[in-house]
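[1] sequence plus predicted model, see below.
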Amino acid sequence: MPISFLTKRLADHLGRLVDLMSPDRLFVLVDENTHRLCLSRLTEGGTRLAEAHVITIGATDSHKTLESLAHVWKSLSENGATRHSLLINLGGGMVTDLGGFAAATFKRGIRFVNVPTTLLSMVDAAVGGKTGINFNGLKNEVGCFRESEAVVVDINFLLTLDQQNLRSGYAEMLKHALLESDRMWAEHLRFDLDNPDYAALLSMVEQSVGTKQRIVDADPHEKGLRKALNLGHTVGHAFESLALEKGQPVLHGYAVAWGLLCELYLSAKHTGFSTQQMQQTAAFIRRNYGAFAFGCQDYETLYAFMQHDKKNQGGEINFTLLGGIGDIRLDCHLTKEDVFDSLDFLREGA
Ligand code: GLY
């Protein structure tokens with residue numbers, strides 16, 4: 001299990017961690033945005049971090065490619081990285097996924113630390129050891145499981161989040177709350193995303209990371225329990241893919257929120273989830289995430305996207321549903337009509 005902590009003084013704390021790890025060479029991976037906006041928080045304060053070799057790749061998921069990966073490998077190689085070197089990944093999920101994969105494969109594996117800069121990566125991508133790149137038109141097609149040495153969350157990045165990225169990351173936190181307990185779920189529904197209470201958010205981020213880490217520790221390679229983290233994602237990924245195909249991409253967390261709404265509806269219908277809690281969660285999602293623009297002419301395409309999910313087996317779509325909050329039901333199978341019903345339910349409230 002990696003060390004995971006929140007700090008207000010990133011350079012100091014990370015600098016101390018680096019001293020403890022005493023790598024022979026130090027590298028920092030950033031994208032063009034985190035280079036401009038976040039790198040100075042790491043290098044201020046006169047620690048070893050100021051001397052790190054900085055590797056920059058293009059921003060956004062379109063750069064999560066073999067070419068960017070090769071650029072990282074080449075920069076490590078040409079600047080003397082050895083098995084005793086350390087790579088710090090400073091960025092959102094794209095940087096932590098690609099950087100983790102670069103580190104996991106360079107010289108058969110060097111150590112890396114994730115410093116997530118978006119809420120989505122703080123509570124999800126940076127935690128749990130999934131690394132990889134997109135390949136052959138498919139998201140995260142090539143990668144491996146490899147845990148970082150540490151995940152260090154700079155509180156200042158949390159305080160400067162814009163509304164959309166706050167909501168996007170929050171959808172994964174809501175998912176964790178649904179997997180965890182009634183108390184955590186109720187706390188998440190009470191939270192005012194328009195006027196965030198940052199002290200409360202901090203403690204909720206800590207809880208969320210705790211939930212994810214507990215699940216990952218129990219099943220690091222996704223043979224069983226880790227599939228729980230797929231809640232909201234079977235339908236959510238299909239929305240994301242459809243939006244991309246239409247040239248109107250949506251943030252991952254928005255697609256997950258709409259996916260959660262559909263999958264809670266399915267849980268209420270098929271696995272005994274409380275209808276009242278489903279309706280309360282649906283109201284929260286509709287209020288904070290609005291509606292996904294789609295019609296019944298899109299249903300077949302959405303279903304086809306769900307059939308391509310890499311978590312499926314033997315031609316069946318594997319859904320993660322809930323029997324109640326914290327009562328996880330893995331590998332649930334539904335008919336196409338059931339799935340279409342849940343899409344109707346999402347559209348009805350729009
Ligand atoms: N994002 C889901 C997982 O890490 O398993």
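    Ah, there it is.

[2] now name the helix or strand holding the residue nearest to residue 342 when sequence neighbours are not counted.
    Using Cβ to Cβ, 6 or more residues apart in numbering and skipping residues adjacent in sequence, the residue nearest residue 342 is residue 262, 3.9 Å away. All C-beta atoms are positioned from the backbone trio N, CA, C, and that covers glycine. Residue 262 is located in helix 252-270, with elements delineated by DSSP states H and E.

[3] ok, longest strand in this structure?
    Residue-count comparison of every strand in the chain, with assignments taken from DSSP state E, identifies strand 138-145 as the longest.

[4] what sits against the closest residue to residue 71 other than its chain neighbours?
    The spatially closest residue to residue 71, leaving aside those adjacent along the chain, is residue 57, at 6.2 Å (Cβ to Cβ, 6+ apart). Residues in contact with residue 57, defined by Cβ atoms under 8 Å, 6 or more residues apart in numbering, are 29-32, 63, 68, 71-72, 95, 98.

[5] rerun that using 6 Å as the cut-off
    Residues counted as contacts of residue 57 (Cβ atoms under 6 Å, 6 or more residues apart in numbering) are 31, 63, 68.

[6] sort out for me which of those residues are in strands.
    For these, membership in strands holds for residue 31, with DSSP E as the criterion.

[7] write out the residues of the stretch 1-150 of the chain neighbouring the ligand.
    On the criterion Cβ under 6 Å from any ligand atom, the ligand has as its neighbours in the stretch 1-150 of the chain the residues 124, 128, 130.

[8] what about the closest residue to the ligand within the stretch 51-200 of the chain, which SS state?
    Here the stretch 51-200 of the chain gets closest to the ligand at one residue, residue 128, 4.2 Å apart by Cβ to the nearest ligand atom. Three-state assignment for residue 128 (DSSP: H, G, I helix; E, B strand; the rest coil): coil.

[9] got the CA positions of the longest helix belonging to the chain in CSV?
    Taking residue count as the measure and DSSP state H as the definition, the longest helix of the chain comes out as helix 198-218. The C-alpha atoms that make up helix 198-218 are tabulated as CSV, following Å, rounded to 0.1, in the frame of the first residue of the first chain:
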residue,chain,number,x,y,z
TYR,A,198,-13.3,23.2,1.6
ALA,A,199,-12.6,21.9,5.1
ALA,A,200,-15.4,19.3,4.7
LEU,A,201,-14.3,18.5,1.1
LEU,A,202,-10.8,17.8,2.4
SER,A,203,-12.0,15.3,4.9
MET,A,204,-14.3,13.7,2.2
VAL,A,205,-11.4,13.4,-0.2
GLU,A,206,-9.4,11.6,2.6
GLN,A,207,-12.4,9.2,3.1
SER,A,208,-12.8,8.7,-0.6
VAL,A,209,-9.1,7.8,-1.1
GLY,A,210,-9.5,5.4,1.9
THR,A,211,-12.4,3.6,0.3
LYS,A,212,-10.6,3.2,-3.0
GLN,A,213,-7.4,2.1,-1.4
ARG,A,214,-9.2,-0.5,0.8
ILE,A,215,-10.9,-2.0,-2.3
VAL,A,216,-7.6,-2.0,-4.2
ASP,A,217,-5.7,-3.6,-1.4
ALA,A,218,-8.3,-6.4,-1.2
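
[10] after that helix comes which helix or strand?
    As assigned by DSSP H and E, the chain's next helix or strand after helix 198-218 is helix 233-245.

[11] other SSEs contacting that following helix?
    helix 252-270, helix 299-307 (3 or more Cβ pairs under 6 Å, 6 or more residues apart in numbering; DSSP states H and E).

[12] that one and the ligand in contact?
    No: Helix 233-245 lies out of reach of the ligand by Cβ under 6 Å from any ligand atom, never closer than 7.4 Å.

[13] hmm, back to that, the helix holding residue 262 and the ligand, are they touching?
    No: using Cβ under 6 Å from any ligand atom as the criterion, no contacts between helix 252-270 and the ligand are found, and the smallest distance is 9.7 Å.

[14] that's all I had, so thanks and see you.
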